[in-house]
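Visitor: Give the three-dimensional model of this entry:
(one chain, ligands or ions: 2)
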Amino acid sequence: MTVATQHKLLSFAEARHAVEEYAGTLAATDPELTNLLDGVGLVLAEDLTADRDFPPFPRATRDGYAVRAADVQSVLTQLHNVGSIKAGASTADSSVSVGTGECVEIMTGAPVPIGADAVVMVEYTQSSDDTVTANRGVQPGENIVSAGAEARRGNVMVPRGSRVHHAVVAIAAAVGRPELAVHRRPRVAVLATGDELVDINLPPGPNEIRNSNSYSLAAQVNNAGGEAMLLPVARDEADELALLLGKGLSADLLLLTGGVSMGKYDLVEEVLASLGAEFFFTGVAIQPGKPVVFGQVKLDGRTTPFFGLPGNPVSTMVTFQLFVRPVLDALGGSKPEPLPFAQAKLKEPFTTKTGLTRFLPARLGGTHENPEVEVVRWQGSGDLMAAAKANCYLVVPPDREKFEQGEAISVLPF
Ligand code: AMP
Ligand code: MG
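Guide: Numbers count the residues shown, from 1 in each chain. Ligands and ions are numbered 1, 2, ... in the order given. Reported below is the predicted structural model:
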């Protein structure tokens, strides 16, 4: 068996940088058409352009009275009400015009009639019969969005490369697009390794455990816009591993879990090396997840990136979020996003050891004025319940031992 690659232990920042840089060299999957709602979570392969002006007409943003602002400069201005316009009013209705000293009752979303250049909110008026009294003045343009103020016909409203989320769906709907061109979901092969693992529909023996990592990874992959393909569990045996690895390399990305630590049966790196893998790093100074491996294999004229994620379930989850995401994003057609770190106050003091950047399962809560974070008690990186209770990781820098209650600290939401 070939000796595995030289060990390349990077800091968290170096490893993240390496991944982002590599991601920048990847080509995105081909575009395909999808139904609007099936495109959620995928990446636009086309610009969404305005098919008309947005808004298409000067739109009232409040219920009230359309007026000439020049008429309503002082309080208690009396106006003559000459009509009413509701949202969706036909052109005939909206051809009502507002002359000097006049007003027209108008509803939110309705087209502002000719002559008017402001809307007085109904809250600031009194009306009796055809006379409306405004209790305060208005500025020209107040409570009106003019035609084309948001976008002109032909303007790009959402550029290609954007991930489709609910607001992008709203724009697609608003420009009349029941179908979208998106990048095909990258296919991600998931290969769990370990003699102790059994599939979830088989009864485990007394010293066996169920393969949960393939499923948590598949959930993370699918959630991130990929399409997970689960391979059967590989025993800790080189030939079997090589065979399944070979299958996994036909995907756009290969994710392995387990078998990357320093144990006697941790064969993943050796077997990858025997297939000619190039390793970008074989460890990162983080906890959990230190043995994480990243590289690529060139085989039969194609290059497949791979990650060997440590088998401890929380390590697998953390390293996916920290390192796999940018590669998956790039394959799926989107620019890698920076990690969405935020800050919160520590609910309790804690002590740790220096040397590693730690990503500890934690709960972010509190209020908007006072976001607070609390570490979830755990039994180490095998503790599934800790991960399930958490909604973020507390990010502990490698150079500090003691943290006080109330101190601001970084968090990384899931
Ligand atoms: P390894 O990285 O192979 O040394 O595994 C580290 C720990 O994670 C061991 O306790 C394994 O039993 C556990 N483990 C490895 N793979 C899986 C998996 N697919 N599902 C659940 N636990 C796993
Ligand atoms: Mg193992």
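Visitor: The stretch 251-400 of the chain against ligand 1: which residues are in contact?
Guide: 257-261, 263, 266, 310-313, 382 (C-beta under 6 Å from any ligand atom). Bear in mind the C-beta positions are built from the backbone N, C-alpha and C, glycine included.
Visitor: pLDDT check: weakest of the residues you listed?
Guide: Lowest-confidence member of those: Gly263, scoring 84 (pLDDT).
Visitor: So it, which state does it fall into?
Guide: Three-state call for Gly263 (DSSP: H, G, I helix; E, B strand; the rest coil): coil.
Visitor: how many other residues sit next to it?
Guide: Around Gly263 sit 12 other residues, with neighbours defined as other C-beta atoms under 10 Å.
Visitor: Let me know the secondary structure of Asp38.
Guide: When classified by three-state DSSP, Asp38 comes out as helix.
Visitor: Distance-wise, check it relative to Thr257.
Guide: Asp38 sits 29 Å away from Thr257, going by C-beta to C-beta, to the nearest Å.
Visitor: With neighbour numbers in mind, choose between these two.
Guide: Just comparing Asp38 and Thr257: by other C-beta under 10 Å the higher neighbour count belongs to Thr257, 30 against 13.
Visitor: contacting residues around the residue nearest to that one when sequence neighbours are not counted?
Guide: Excluding the flanking residues, the one nearest Thr257 by C-beta to C-beta, 6 or more residues apart in numbering is Asn213, at 4.2 Å. Residues counted as contacts of Asn213 (C-beta atoms under 8 Å, 6 or more residues apart in numbering) are 192, 257-258, 309, 311, 313, 316.
Visitor: ok, of those, which one's closest to ligand 2?
Guide: Gly258 (4.0 Å; C-beta to the ion).
Visitor: My read is that the closest one contacts Asp195, right?
Guide: No. Assessed by C-beta atoms under 8 Å, Gly258 is found out of contact with Asp195, at 9.8 Å.
Visitor: Show me the helices in the stretch 1-150 of the chain, by range?
Guide: Using DSSP state H, counting those that start in this stretch, the helices of the stretch 1-150 of the chain run over 12-23, 91-94.
Visitor: and of the ones you listed, who's closest to ligand 1?
Guide: Ligand 1 lies closest to helix 12-23 among those, at 17.8 Å (C-beta to the nearest ligand atom).
Visitor: So what's the gap between that closest one and the chain middle?
Guide: 19 Å (C-alpha atoms, centre = their mean, to the nearest Å).
Visitor: Tabulate the CA atom coordinates of that helix in PDB.
Guide: The C-alpha trace of helix 12-23 is given here as PDB (Å, rounded to 0.1, in the frame of the first residue of the first chain):
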ATOM      1  CA  PHE A  12      -8.900  27.200  10.200                       C
ATOM      2  CA  ALA A  13      -8.400  30.500   8.200                       C
ATOM      3  CA  GLU A  14      -5.800  28.800   5.900                       C
ATOM      4  CA  ALA A  15      -8.000  25.800   5.300                       C
ATOM      5  CA  ARG A  16     -11.100  27.900   4.600                       C
ATOM      6  CA  HIS A  17      -9.000  30.100   2.200                       C
ATOM      7  CA  ALA A  18      -7.700  27.000   0.400                       C
ATOM      8  CA  VAL A  19     -11.300  25.700  -0.100                       C
ATOM      9  CA  GLU A  20     -12.600  29.100  -1.300                       C
ATOM     10  CA  GLU A  21      -9.700  29.500  -3.700                       C
ATOM     11  CA  TYR A  22     -10.200  26.000  -5.100                       C
ATOM     12  CA  ALA A  23     -14.000  26.600  -5.400                       C
END
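Visitor: Mind giving me the packing neighbours of it?
Guide: strand 278-281, strand 283-284, strand 293-299, helix 325-331 (3 or more C-beta pairs under 8 Å, 6 or more residues apart in numbering; DSSP states H and E).
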